[in-house]
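Asks: next input, structure requested:
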Amino acid sequence: MRLVMTEPVEGMGRPYARRWWALLVLCLSLLIIVMANTALTVAAPDMTKDLGLSSADLQWVIDGYTVPYAALMLLLGAIGDKYSRRGALVLGLVVFGAGAVFGYLADSAATVIAARAVMGVGAALIMPATLSLLAATFPRAERAKAIVLWTATAGLAIAAGPVVAGALLRDHGWSSTFLINVPVAAVAVVAAFVLIPPSRAGHHDRIDYVGGLLSVIWTGSLVYMIIEGPHFGWGVKAVTAAVVAGVALVAFVLWELRHPRPILDVRRFAHRRFAGSNLAVALFFLAVFGAFYYLTQHLQFVLGYDALETGVRMLPLAGAVFVGSALTGWLTPRVGMKWTVSAGMVGGTTALALLTRIDAGSGYGDFVAPLIILGLAIGLALSPCTDAIMGAFPESELGVGGAVNDTSLELGGSLGIAILGSLLATSYGNHLTDATAGSKLPASALDTARDSVGAGYAVAQGIGDKAHRVAAQAAQAKDPQQAAQLKQQAAELASGARRMADAVGSAFSDAVAHTSLVGAVILGIGTVLVAVLLPRREAAVAEVREEEKVLVDGAAD
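Replies: Just a heads-up that it's a prediction; the model follows:
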C-alpha cells in the first residue's frame, strides 16, 4: 500500500476503495472548523474577564472568523477546483492550525481577533474542499449517503464544541480552546495525503478573478454590515458596507451573466430546486445559530451551569441530528426532498415555538424537547439540500458548489446571530428596565446591567459583595447602635442583590421567549416559501435531468 495517495480520483476506472476512510478525514476537517465557533461561546466569559474585553471587542472576536470565512469561500473554491482540491484542504488545515497557535499565544483583543481572522481564511479553504472532495471521491449513487454523514458531523460539532471547551476550561485557561485544534489539524493533514486521492477540474480555463473579487467584496461587505449594524448602530460604517455590498452584488451578477466562463453561473438560481435548497440552508442556519447563541447563555448565566455542564446539556441536539440524518436517508428516496426538507423546517419552527414557553421558573427539562426536535430537523432538512446544491454543478466546479452551499450556511448563521442576537439584547434591556422600575439602583448600574445578561449578574454580584463587606463592618463595630444600622444596611443590600439577580434572570428568560417567537415566525414564513419553491417529485426529476443535460453540454464545450 502506498504511503501517499498519488493516483487522481478522476483517472480511476472504478470507485475508490478507501473512500469511506477518506470521508472520515473530510468529516474530521469539518469538525474543527465548526467547533471553532461553538467552543468560543463557552470560552468567551473567561476570555472577556482575562483580557478585559468590551462588548464590541467580544463581538469581533466571534465575528473576526466569520467575515473572511464567508467572503473568500467562492474564490478559494474555484482555485481549488483548478489547481488541487486536496491541496486546498491541506493548505487550509495548515493556515487554520497556524491561526490556532497564534490565538493560543494572543494576549490582547487585537491579537485574538487577528488570530480568529487567520483561522477564518483557513476555514474558507477547508469548507468547500471537504464537499468538493466528497463529491469527486464518491460515485453519484453513494453521494447522498456520504453527504448525510457530512451533515451529521456538522450537527455533532455544534454540540461537541461546548463539551470539549468546557472540559478544557475546568483545568486550563481559555487559550487551550485554541490549541486543541492544532493536533487535530496535524492528524488531518497527514491522513489527507494517505487516504484522500488528489482531485482537480478536468479543464484548465482561466479563473474568473474579476467575478471572484466582486464576490469577495459583496459577501464580505454584507457580512460586515450584518454584524456592525444591529450590534453597534447604523452609523457610517454600517451604511457604507450596505452600499458597497449592494453595488458589488449588482456588478457581480451583471459580470457573471456576460462572462463566458463565470466563477458562478447565477442562472442556476432560476432553477427552483437549486434556489429553494439555498434558501432552506440559509433560513435554517439563521434559526439554529441564533437559537444556539441565546440557549448557551441561558444555560450558563440563568441556570448556572459551568462550561462543561452546558456543553453536556447540548448533547441531545447532536444525538438527534444523527437520528434525523438516518431518517432523511430513508425518507428522501421514497417521498422526495420537497417533503423531507419541508418536514425538517416545520420541525425547526416547532422547536423555536416551544421555546416561547420559557420563563423565570423554567429548568433544563424545558429545553430538552426543543433541542431534540431541532436536532431531528437539522438532520432531516440539510442533507437533501446540500445534495441538491452539489448536484447542480459539474465535476469541474465541485469546489464552487461546496462554496455556494457553505456561503448560504454562513450568511444564514451570521444573520441569525445578528438579527436574533440584537433582538434578544433589546428585549432583555426593556424587560430589565420594567423589572427594576422603582428600585434604588443607580442609573449607571442599571445601564451596565442592561448591556448583557452577564453584566446584569455582575451588577447583582457587586451588590451582594457590598452586602458582605457591610456585614463584616457590622461584626467589628463596637457601638451597638452603629452595628445595628450596618446590619440593617447589609440585609437591605443582600435583599437588593437577590431581587436584582431575580430580575436579570426573569428579564433574560422573557427575552428568550420573545426572540424565539420572532425566530419561529421567520422560519415559519421561510418554510412556506421553500415549500412553494421546491418542485414536486416529478418536476424535480425533470429539473435534475435538465441540469444534467446542461452539465453534459457544458463539459462537451
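Asks: so who does Met314 touch?
Replies: Ile158, Ala159, Pro162, Val163, Phe292, Leu295, Thr296, Leu299, Leu371 (Cβ atoms under 8 Å, 6 or more residues apart in numbering). Yep, even glycine has a C-beta here, placed from its N, CA and C like the rest.
Asks: of these - the most surrounded one?
Replies: Most neighbours among the contacts of Met314, by other Cβ atoms under 10 Å: Pro162, with 30 neighbours.
Asks: before we move on, what SS does it have?
Replies: The three-state assignment at Pro162 reads helix, by DSSP: H, G, I helix; E, B strand; the rest coil.
Asks: any idea which of the contacts of Met314 is closest to His514?
Replies: Using Cβ to Cβ, Leu295 is the member of those that lies nearest His514, at 14.3 Å.
Asks: host element of that closest one?
Replies: Assigned by DSSP states H and E, Leu295 falls within helix 272-297.
Asks: packing partners of that helix?
Replies: For helix 272-297, the elements it packs on are helix 19-51, helix 140-171, helix 337-354, helix 365-391, helix 398-415, helix 421-435, helix 480-533, helix 537-556, judged by 3 or more Cβ pairs under 8 Å, 6 or more residues apart in numbering; DSSP states H and E.
Asks: do you know which of those helices lies nearest Gly454?
Replies: Gly454 sits nearest to helix 19-51 of all the helices and strands packed on helix 272-297, at 6.4 Å, using Cβ to Cβ.
Asks: correct me if wrong: Ser383 contacts Val148.
Replies: Yes: counting by Cβ atoms under 8 Å, Val148 is a contact partner of Ser383 at 4.5 Å.
Asks: more crowded one of the two?
Replies: More neighbours surround Ser383 than the other of Ser383 and Val148, with 30 against 24 (other Cβ under 10 Å).
Asks: ok, now which ones touch the more buried one?
Replies: Neighbour list for Ser383: Ala144, Ile147, Val148, Trp150, Thr151, Ser325, Thr328, Gly329, Thr332 [criterion: Cβ under 8 Å, 6+ apart].
Asks: and which of those is nearest Gly462?
Replies: So of these, ranked by how close each gets to Gly462 (Cβ to Cβ), first place is Thr151, at 45.0 Å.
Asks: and that closest one, how many neighbours?
Replies: 27.
Asks: so that it lines up with my notes, have the first residue be 851 from now on.
Replies: Let's use 851 as the start, then, which means that last one is Thr1001.
Asks: does it touch Pro1234 like I think?
Replies: No: using Cβ under 8 Å, Thr1001 makes no contact with Pro1234, being 9.4 Å away.
Asks: ok, the contacts of Met1164 vs Arg1349, which is closest?
Replies: Among the contacts of Met1164, and counting by Cβ to Cβ, the member closest to Arg1349 is Leu1149, at 22.8 Å.
Asks: and that closest one, what is it in contact with?
Replies: Leu1149 neighbours (Cβ under 8 Å, 6+ apart): Tyr1155, Glu1159, Thr1160, Arg1163, Met1164, Tyr1214, Phe1217.
Asks: taking these together, which two end up most distant?
Replies: Across these (Cβ to Cβ), the longest gap, 12.9 Å, separates Glu1159 and Phe1217.
Asks: name the residue in the two with the higher neighbour count.
Replies: Remark: of Glu1159 and Phe1217, Phe1217 carries more neighbours, 22 against 17, as counted by other Cβ under 10 Å.
Asks: and the closest residue to the more buried one other than its chain neighbours, how far from Glu857?
Replies: Spatial nearest neighbour of Phe1217, excluding adjacent residues (Cβ to Cβ, 6 or more residues apart in numbering): Leu1145 at 6.8 Å. For Leu1145, the distance to Glu857 (Cβ to Cβ, to the nearest Å) stands at 46 Å.
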